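1. Sequence first, predicted coordinates after that:
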Amino acid sequence: MTQASLMRQITDFANRANPYPLYEELRKTPVLHEEEDGPYVFSSYWDIEALLHDPRVSSDAANLTAAGADELSKPEETGLPPSFIRLDPPEHDRLRRITNSAFGPPHKPRRIDSMRGELADIVTGLIDGFGDARQIDLVDQFAYPFPVTVICRLLGVPREDEPKFRGWVDPVVASLDPDTRRDADAEFRKTAQEARMQLGMYLSSLVEQRTKEPQDDMLSDLVSSHGPDGAMTMMEVLSTSLLLLIAGHETTVNLITNGMLTLLRYPDILARLRDDPGLSANIVEELLRFEPPVQIVPQRSTIADIEVRGVTIPKGSRIWLVLGAGNRDPERFSDPERFDPDRGDIQHLGFGSGVHSCFGAPLARLETQIALTELARRLDGPRLVEDPPPYRQNAVLRGPRHLNIAFDALR
Amino acid sequence: MEADHVDRLRHEGRIVIVGASLAGLRAAETLRAEGFTGSLTMIGDEPYEPYDRPPLSKAVLLGKASPHHTELPHRREIDATWRLGVAATGLDLTAKRVRLADGDEVEYDRVLIATGVRARPWPKEAEAGLDGVFVLRTRDDATALYQRLKSGPRRVFVIGAGFAGSEIASACREMGIAVTVAERAGAPLVGALGGTIGAVAAELQLENGVDLRTRVTVTELEGDSVGRVRAVHLSDESVIEADVVVVSLGSLYNTEWLNGSGLGAGPRGVACDAGCRAFDFRGIVTDDVFVAGDVARSPHPLFGYQFLALEHWGNAVAQAETAAHNMISAGAERRPHMWMPAFWSSQFGVNIKSVGVPPMGDQLMVTQGSLAERRFIAVYGHRGRMVAAVSFDNTRWLEFYQRQIERGAPFPVEFPTMDRRPEGRKPVAADFPDPSLPTHGPTVTLSGFSPTDRQLVFTPAHH
Ligand SMILES: Cc1cc2nc3c(=O)[nH]c(=O)nc-3n(C[C@H](O)[C@H](O)[C@H](O)COP(=O)(O)OP(=O)(O)OC[C@H]3O[C@@H](n4cnc5c(N)ncnc54)[C@H](O)[C@@H]3O)c2cc1C
């Protein structure tokens, strides 16, 4: 039996619960190229940082195809133009700018912060909803419904339609997973394809409606934007909202779940958070380092020869950036395997970096801070029922599928 | 021996920091963070705790931040004796004392000079004293100017289109105030970024309604009968009525208090080695006098060991940290200050950032974006090497170029980059003015480079 390649082991579901020992192995070869037409894999903090700012590294699906796409890096088949996450400047910049003018400063500086009260209400409602139960599945009962509700409200999806989303978004996200894709049977592909279609149709009906009657929501702003960059086409609005919808909640689910899991593994820090909500900002930053929801960025390719640590990555190569490994790089962090919200300079690659750095970061931070603070405050004597918990398939967007937590009382 | 000495210094030493602003504060914090437990004295001629200056020409003028709320956040307790509102007037290197304006003297084992620069005033004193004539360097300056802008002047006249002048003009336009900018060079920001990029800045000003006058100098500020400024006379013989004039002609080093001390200090700042130790006037490095921030001038290996003086916020912080570390470290543990120069500005809604030393470049290449869209990255080259890069609304790529500069990457830039337009495929002149002519607000001063920089007469020593 031959030893499976390191990257195969990392994407192998068997290692999902704890990929960190494999990452340590990975960092021993900072520029890893295991198979002739396989990707170049990077795992050191500084190298990843540099590549995320390198204008010779492309996110454009077209370049990627030239580089020979694999399961992980293949663009989704949505039938829509690529979302800005899969484009390079100047197209990327234009779409991202228009989207940003509907989302954040300088045009809507308070859109996120003004949601604070609403976010807290949603959280309170969900926790109240635990009722008399003394055991919950944090994913199904909290971490999932919360960001879905938030992103729906932000976009302007009517509340009564929210449950439908779940049904569509789930298979779409699942289809992004490399292992799932590799093993996908016809049935699975069909379900995912179907869900994408439904989602697209639903969104386009919403977009159409907002074009006629704009409201105070992001979809309306996207269809009616007329800044210096002009307007988005209908198709661009669709692919952008699809992106926001998927990237905007799937990551947060994992961030919140990973967060609670980590706090339960570090009960002293959980106890401190209970007494001092001010600690939540640091906790969330350290979480983004310690257990980032996005573990790997697989969709990049080189448009020129690039030299990294004396190795020349030829033009047209595929590259994978293993953020989860870079975040625990001892060259960058002292005592990297310890969760320590008190560390002096909490930095991380959790949101990526450079022009593609996570667009939703301010929202994800706020959501997670509020969620963890409230959970810490209201759950009396919380403990893990199962450690490690069962994980999702996905190696790229990594997180528990369920997180069963028992507790003594609800405060 | 030395180790003992340093150990004693760390625990019982007396450290005096002159200049209680950005560099001074960060140095004090670093000293404490690195275990200095001796006595620490902070001397500052302004009556305020350390505050931040960049907002003064941006948010403060727009009324978005109060000049009283620009205090620098403290990173930690520094447990210092504060002597605020009193200037240092002399330094006695032999007796190791700092003399103060109130007659007091403070003894030190190590002293840090962090007295920065001040605004260069309008040279004609009577005109400079007219009501309505301002400079902008301190919190008090900003408060006074803000008050005046708020009262709705008919026209503001800015003399000098360096970064500060351009930011002030930008603030005026944002508040809907008519503004004229006069600049001796052919375009704004020429001293810092050269004429090619300056042309982009000029367009930016014109499009935002600034009445920009280039290749002119101001010859006279005219006052009315009660001593208020009312008009500005230009070398092209035009006269422009204005009720506020902001003089933004760059800066002067705060080194007069060091006259006669024997330090290598003068109108070009205080020279120091890469470890922030000041030189005396004979070129001998001192061991107990350190320098950091705007007032310092130190050799940089990446830029041919020329002495660089940088009026950059980030440099003040980094240099202060290095100086503080070296002040309480034995020789072998000292670190060089090898900061990559970096400067930012925001004006007319555009974020401008540079890394490296643009004025050293003679050629320029647009590697991403386009000058016409005013969203680009341009790289500066000197003798086949990349020496600087500037971005307009494109900051996120700059780190890459910084690394290229660090490794001495070749210029012209051969490799393809995303978002490279046809105009970027060949180098053009960076178009800096003749270094022997004065320009405004370069924010980087290179010396040992300018042909006019021979101020000493060499007299061989006799034994
Ligand atoms: C309006 C404005 C906008 C700016 N914007 C930017 C920007 O966008 N980006 C950027 O990178 N940089 C910017 N800068 C530059 C940046 O603020 C400086 O680089 C930084 O303040 C330097 O810090 P420093 O401590 O060396 O000097 P300073 O901040 O000048 O501090 C020196 C202090 O020493 C005091 N002092 C002087 N002489 C004596 C004496 N004899 N005794 C006692 N005290 C004395 C001074 O009064 C002052 O308080 C800006 C500066 C100004 C004025």
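-> Good, I have the coordinates.
2. So in chain A, which strand runs the longest?
-> Determined from DSSP state E, the single longest strand within chain A is strand A:296-302.
3. and chain A, which residues reach chain B?
-> Contact residues (CB under 8 Å from any CB of the partner chain) of chain A with chain B: A:49-50, A:53-56, A:58, A:60, A:88-90, A:93, A:303-305, A:353-355, A:357. The C-beta positions use only the backbone N, C-alpha and C, and glycine is treated the same way.
4. The residues you listed in strands, which ones?
-> Within those, residues falling in strands by DSSP E are residue A:58.
5. Please, a PyMOL command that selects the buried ones among the residues of chain A next to chain B?
-> PyMOL command restricting the residues of chain A next to chain B to the buried ones, with burial defined by 16 or more other CB atoms under 10 Å in any protein chain shown:
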select buried, chain A and resi 49+50+53+54+55+56+58+60+88+89+90+93+303+304+353+354+355
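6. which residues are contacting the longest strand of chain A?
-> Under the criterion CB atoms under 8 Å, 6 or more residues apart in numbering or on different chains, residues A:39, A:51-52, A:56-61, A:63-64, A:66-67, A:70, A:72-73, A:75, A:85-86, A:178, A:313-324, A:352, A:395-396 lie in contact with strand A:296-302.
7. Direction included, what does it pair up with?
-> Here strand A:296-302 is paired, per DSSP bridges, with strand A:57-58 (antiparallel), strand A:318-322 (antiparallel).
8. Between those, which one is closest to residue B:206.
-> Closest to residue B:206 of the strands paired with strand A:296-302, according to CB to CB: strand A:57-58, at 35.9 Å.
9. Tell me the first helix or strand C-terminal of that closest one.
-> helix A:61-66 (DSSP states H and E).
10. what comes up buried for that following helix?
-> Quick answer for helix A:61-66 (16+ other CB under 10 Å): A:61, A:63-64.
11. Now flag whichever of those is closest to the ligand.
-> If you rank the buried residues of helix A:61-66 by distance to the ligand using CB to the nearest ligand atom, residue A:63 comes first, at 35.9 Å.
12. From the buried residues of helix A:61-66, which one has the minimum pLDDT?
-> Model confidence across these bottoms out at residue A:64, which has 75.
13. that older thread, reformat the strands paired with strand A:296-302 as TSV; add distance to the ligand and mean pLDDT.
-> Converted to TSV, these look like this (distance: least, CB to the nearest ligand atom, whole Å; pLDDT from 0 to 100):
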stretch	distance to the ligand	mean pLDDT
strand A:57-58	28	96
strand A:318-322	31	95
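14. got those strands as TSV, with distance to residue B:263 columns?
-> Converted to TSV, the strands paired with strand A:296-302 look like this (distance: least, CB to CB, whole Å):
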stretch	distance to residue B:263
strand A:57-58	49
strand A:318-322	50
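15. Let me know the closest of the buried residues of helix A:61-66 to residue B:25.
-> Nearest to residue B:25, judged by CB to CB, of these is residue A:63 at 47.5 Å.
16. ok, back up a step: could you give me the PyMOL selection string for whichever of the contacts of strand A:296-302 are buried?
-> Selection of the buried residues among those in PyMOL, burial being defined by 16+ other CB under 10 Å:
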select buried, chain A and resi 39+51+52+56+57+58+59+60+61+63+64+67+70+72+73+75+85+86+178+313+315+316+317+318+319+320+321+322+323+324+352+395+396
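17. interface residues of chain B facing the ligand?
-> Residues of chain B lying close to the ligand by CB under 6 Å from any ligand atom are B:18-19, B:21-24, B:43-46, B:53-54, B:56-57, B:87-88, B:114-117, B:136-137, B:164, B:254, B:257, B:293-294, B:311-314, B:316, B:343-345.
18. Can you flag the buried ones in those?
-> With burial judged by 16+ other CB under 10 Å, the buried subset of the residues of chain B next to the ligand is B:18-19, B:21-24, B:43-46, B:53-54, B:56-57, B:87-88, B:114-117, B:136-137, B:164, B:254, B:257, B:293-294, B:311-314, B:316, B:343-345.
19. residues contacting the spatially closest residue to residue A:295 that is not a sequence neighbour?
-> Leaving aside its sequence neighbours, residue A:295 sits nearest to residue A:324 (CB to CB, 6 or more residues apart in numbering or on different chains; 3.8 Å). If you count contacts by CB under 8 Å, 6+ apart, residue A:324 has them with A:19-20, A:23, A:292, A:295-296, A:398.
20. Tell me the secondary structure at the closest residue to the ligand within the stretch 201-350 of chain A.
-> Of all residues in the stretch 201-350 of chain A, residue A:345 sits closest to the ligand, at 20.4 Å by CB to the nearest ligand atom. Assigned by DSSP: H, G, I helix; E, B strand; the rest coil, the conformation of residue A:345 is coil.
21. same deal with residue A:130?
-> coil.
22. Could you give the bridge partners of the nearest residue to it once chain neighbours are set aside?
-> Nearest residue to residue A:130, sequence neighbours excluded (CB to CB, 6+ apart): residue A:136, at 5.3 Å. As for beta bridges, residue A:136 partners with residue A:405 under DSSP bridges.
23. mind listing what residue A:136 touches?
-> Contacts for residue A:136 (CB under 8 Å, 6+ apart) come out as A:130, A:142, A:404-405, A:407.
24. go again using 10 Å as the cut-off
-> Neighbour list for residue A:136: A:126-127, A:129-130, A:142, A:379, A:382, A:385, A:403-407, A:410 [criterion: CB atoms under 10 Å, 6 or more residues apart in numbering or on different chains].
25. Give the buried subset of the residues you listed as a ChimeraX selection command.
-> Buried subset of these, written as a ChimeraX selection, criterion 16+ other CB under 10 Å:
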select /A:126,127,130,142,379,382,403,404,405,407
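26. any chance of the contacts of residue A:136 in TSV, plus pLDDT?
-> Output for the contacts of residue A:136, formatted as TSV (pLDDT from 0 to 100):
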residue	pLDDT
A:126	97
A:127	98
A:129	96
A:130	96
A:142	96
A:379	97
A:382	97
A:385	97
A:403	98
A:404	98
A:405	98
A:406	98
A:407	97
A:410	95
